[in-house]
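below are the sequence and a predicted model; questions follow.
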Amino acid sequence: MKGADTGDVKLELRSLRKVFDGVEAVKESNLILKRGEFLSLLGPSGCGKSTTLAMIAGFLEPTSGEILIDGKPVTHVPVQKRRIGLVFQDYAIFTKMSVRKNLLFGLEAQKVPRAEREKTVDEFAEKLDLKGLMKARGGELNMSEMQRVALARVLVTKPELLLLDEPMSNLDAALRASLRGELKRIQKDLGQTVLYVTHDQIEAMSMSDRIAVMNFGENLQIASPDDIYHRPKNRFVAEFIGDPPINMISCTVTGSGRSQRVSTEVHKDIPFETKVVSPGDHVLGIRAHHIVAAHEAFHGSIAAVVKLVENFGSEHVLHVTYGQDLLTVMVQPGFAREGDEVHVSFDLKDAHLVDRNSGAIYHPDEREAAA
Amino acid sequence: MNRIPFNIRLVLPAQLTIMAIVVVPTVILLWLAHTDWQPTQNIPWFDAEFYWFWNFYDLWYDERFINSVFRTLFVVATCIAVELFLALGLALLFLDEWPWRKVAVSIIILPMMIIPVDAANAFFMLFNERGPINHLITVITGEVFEFSWLSHPTWAMVPIMLAEIWQWTPLMFLLVLTGLMNLPENQIRAAVGLGASPARIFFRVMLPLLVPVISIAVVIRAIETFKIFDPVYILTRGQPGGATETISMYMYNGAFVYFRMGYIAAAALLVLFVVVSVCLVLAKPLRKHG
């Protein structure tokens, strides 16, 4: 009897750890990747995401922990035998071979019969729109073509798992946007399981089914893009995702349990039950588009001076003073100019209360559980 | 003095030096090649009688010269093939980190540092009639082996080429190793990820990428080997009967043993022409990357 819970899991990392010269590059990483899922490892440079990827691919030996593909441990299986497709940051197209030879390479290496490999290559050349390029040499391709060739080259071998290591970080913004869509379309068409490493939040948000946010070798949160954005689990995740970055406002928590209250510049002693955050000075995280701005004073607002206007095209972002803090506020274009006085406020239910000491964020429905 | 522009004054010393050491001797060579001048005739070289193209005509029918040219080409081809094969194999061993790797590299490139005459002398002693090589063969076979390598018309080439290969494989090794270490790593990783065997990765991915480096190494070594002199001079001086004479040895004998300066100048011109042509052909793969 095949358990539904194991049949659905493509990749599993169990307490995967890597230590380089005493530095813990990856700390006790646990991760489950389901069949057909697109999961992104997102984090700043040096957060351990590429190290994790290199261990899954087999280029690095983990210090401890286990890697399972389809429920079978592969931790000590050599790279060649893992049946993992790799796409690199520079695409690593074989520059001295034609595109056709590039696509045939994996199938030839795996001793697939000639008729079958020609058929598979033609099929994927069709799917990835490479028909006209088959005779071109690897060294002659542009970036968009290189991405498609790199994808086709691994996809023809029908990999169990596709690993992509920052495949778009060498590209300019316009090309990136169009390749994102292309990559997502191909992944969906084939139902390919993908692990995608990136430091670009837009790539992670727009393509992923789930995102794992990493920092200092630690998996901070693994959740859907919506949850990552709206329900970050801690300060790092909240601050790493979102453009403009989330506002962090100082606040004071008084009382405990059901009588807990929060005070900020605009809010005085509003009930805000957390049970977890201890009384004292803490931080409120609130995104720019949750802050309400008006020209006239309104209930609960305070006056603020516009220090800077950032033009985002469809919106403007105002940088305004807010007590000792500087706030970003999303407004309609033309709402205010630098030096204007505006009135701002926000609803506490849109804010995330960040524990100043641990950096943890507790959401209303989790507060009971966490307590 | 101020009338000479500043930039001209900057390049003038270098230009004059080059004129003195390259252009002037070349012009003299061109002149001598068309005379029959011999120092023993007791007339200065510029007074020698103009001889038109008779030197070249004679060279064409000079079997000893033609043989030395083909012998040299054979030495170049053999030595470079062996050196390249050894260098590639060694360099592959040194691609991964292992303990004492750096020390091993230093040891491998040591022969290159030795003065060629000394290196040749070592091989002279090794291949002596009662030398270690014959002694070793005697020990292995159990029969007294006293083969005179250096006076055998065919076998004498073996110690000469071995000396050359032993001394210059290190250079080829260094060049190839540098090339290997600079190969795009991700192309190799991609090939590994696609399930390719080490042999497939080497022949299909690494070797094609190495072509420019190998071309440079081969051209450098071809030019050098073409001028092979030290081992020949030390081991055989071209003997027996000119059977081991390479071009340099032939010219040395012609110019400094038989004192036929004009004739050898013509030979030198021809050789220059051959070397340049061969190198242009060998360097062809490089031009695409220029």
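Yes, it's here.

tell me what whichever strand or helix holds A:K101 is packed against?
For A:K101, the host element (DSSP states H and E) is helix A:99-109. Under the contact criterion of 3 or more Cβ pairs under 8 Å, 6 or more residues apart in numbering or on different chains; DSSP states H and E, helix A:99-109 touches helix A:114-127, helix A:143-155. Quick note: C-beta positions are derived from backbone N, CA and C, even for glycine.

can you lay out those as TSV showing mean neighbour count and distance to A:S178?
Shown next, in TSV, are those (neighbours: other Cβ atoms under 10 Å in any protein chain shown; distance: least, Cβ to Cβ, whole Å):
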stretch	mean neighbour count	distance to A:S178
helix A:114-127	15	17
helix A:143-155	23	8
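
export these to TSV and tack on mean pLDDT and distance to chain B?
Shown next, in TSV, are the helices and strands packed on helix A:99-109 (pLDDT from 0 to 100; distance: least, Cβ to the nearest Cβ, whole Å):
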stretch	mean pLDDT	distance to chain B
helix A:114-127	90	12
helix A:143-155	88	7
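
can you add distance to B:A156 and give those helices back as CSV?
Compiled in CSV, those are given as follows (distance: least, Cβ to Cβ, whole Å):
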stretch, distance to B:A156
helix A:114-127, 52
helix A:143-155, 54
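
nearest to B:T244, of these?
The closest of those to B:T244 is helix A:114-127. By Cβ to Cβ, the value is 52.0 Å.

the closest one: how far from the chain's middle?
33 Å (Cα atoms, centre = their mean, to the nearest Å).

tell me the angle the helix holding A:K101 makes with helix A:143-155.
Inter-element angle recorded for helix A:99-109 and helix A:143-155: 20 degrees (by axes from the mean of the first three to the mean of the last three Cα atoms, to 10 degrees).

next, give phi and psi for the residue of the stretch 1-150 of chain B found nearest chain A.
Residue of the stretch 1-150 of chain B nearest chain A, by Cβ to the nearest Cβ: B:D96 (13.3 Å). B:D96 adopts backbone torsions of phi -90, psi 150, taken as degrees, to the nearest 10.

what's around residue 109, how many residues?
No chain specified, so I'll use chain A. By the criterion of other Cβ atoms under 10 Å in any protein chain shown, A:A109 has 20 neighbours.

my question was about chain B
So B:I109, with other Cβ under 10 Å, has 15 neighbours.

just want the residue of the stretch 201-350 of chain A that's nearest chain B.
A:E203 (19.6 Å).

so that residue belongs to a helix, correct?
Yes: read with DSSP: H, G, I helix; E, B strand; the rest coil, A:E203 is one of the residues of a helix.

was I right about it contacting A:L179?
No: between A:E203 and A:L179 there is no contact under Cβ atoms under 8 Å: 9.5 Å.

what parts of the stretch 51-200 of chain B come near chain A?
For the stretch 51-200 of chain B, the residues in contact with chain A (Cβ under 8 Å from any Cβ of the partner chain) are B:184, B:186-187, B:189-197, B:200.

quick check on those: which are buried?
Listed as buried from these are B:P184, B:N186, B:Q187, B:R189, B:A190, B:A191, B:V192, B:G193, B:L194, B:G195, B:A196; burial here means 16 or more other Cβ atoms under 10 Å in any protein chain shown.

A:E203 and A:L179: which is more packed in?
The neighbour count for A:E203 versus A:L179, taken as other Cβ under 10 Å, is higher for A:E203 (25 against 18).

now the helix or strand where B:A217 lies, how far from the chain's geometric center?
Per DSSP H and E, B:A217 falls inside helix B:207-226. Offset of helix B:207-226 from its chain centre (Cα atoms, centre = their mean): 12 Å.

show me which positions of that helix end up buried.
B:209-210, B:213-222, B:225-226.

secondary structure element for B:A267?
According to DSSP H and E, B:A267 maps onto helix B:261-282.

so what's the residue of the stretch 1-150 of chain B closest to chain A up against?
Not one residue lies near B:D96 by Cβ atoms under 8 Å, 6 or more residues apart in numbering or on different chains.

avg pLDDT for the helix holding B:A217?
The average pLDDT within helix B:207-226 is 90.

what residues does chain A have near chain B?
Residues of chain A lying near chain B (Cβ under 8 Å from any Cβ): A:57, A:59, A:79-81, A:83-86, A:88-90, A:92-97, A:105-106, A:108-110, A:150, A:153-154, A:157.

of those residues, buried ones?
Applying 16+ other Cβ under 10 Å to those flags A:57, A:79-80, A:83-86, A:88, A:90, A:92-97, A:105-106, A:108-110, A:150, A:153-154, A:157 as buried.

now do the helices in the stretch 201-350 of chain A.
Shown for the stretch 201-350 of chain A, the helices assigned by DSSP state H, counting those that start in this stretch span residues A:201-207, A:225-230, A:235-240.

for B:S215, see how far away B:Q38 is.
42 Å (Cβ to Cβ, to the nearest Å).

likewise B:F273?
For B:F273 relative to B:S215 (Cβ to Cβ), the value is 21 Å.

repeat that for B:Q167.
22 Å.

hang on, the earlier thing: pLDDT and secondary structure for the residues of the stretch 51-200 of chain B next to chain A - can I get that in a markdown table?
Formatted as a markdown table, those follow (pLDDT from 0 to 100; DSSP: H, G, I helix; E, B strand; the rest coil):
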| residue | pLDDT | secondary structure |
| --- | --- | --- |
| B:P184 | 90 | coil |
| B:N186 | 89 | helix |
| B:Q187 | 92 | helix |
| B:R189 | 90 | helix |
| B:A190 | 91 | helix |
| B:A191 | 92 | helix |
| B:V192 | 90 | helix |
| B:G193 | 89 | helix |
| B:L194 | 89 | coil |
| B:G195 | 87 | coil |
| B:A196 | 87 | coil |
| B:S197 | 89 | coil |
| B:R200 | 91 | helix |
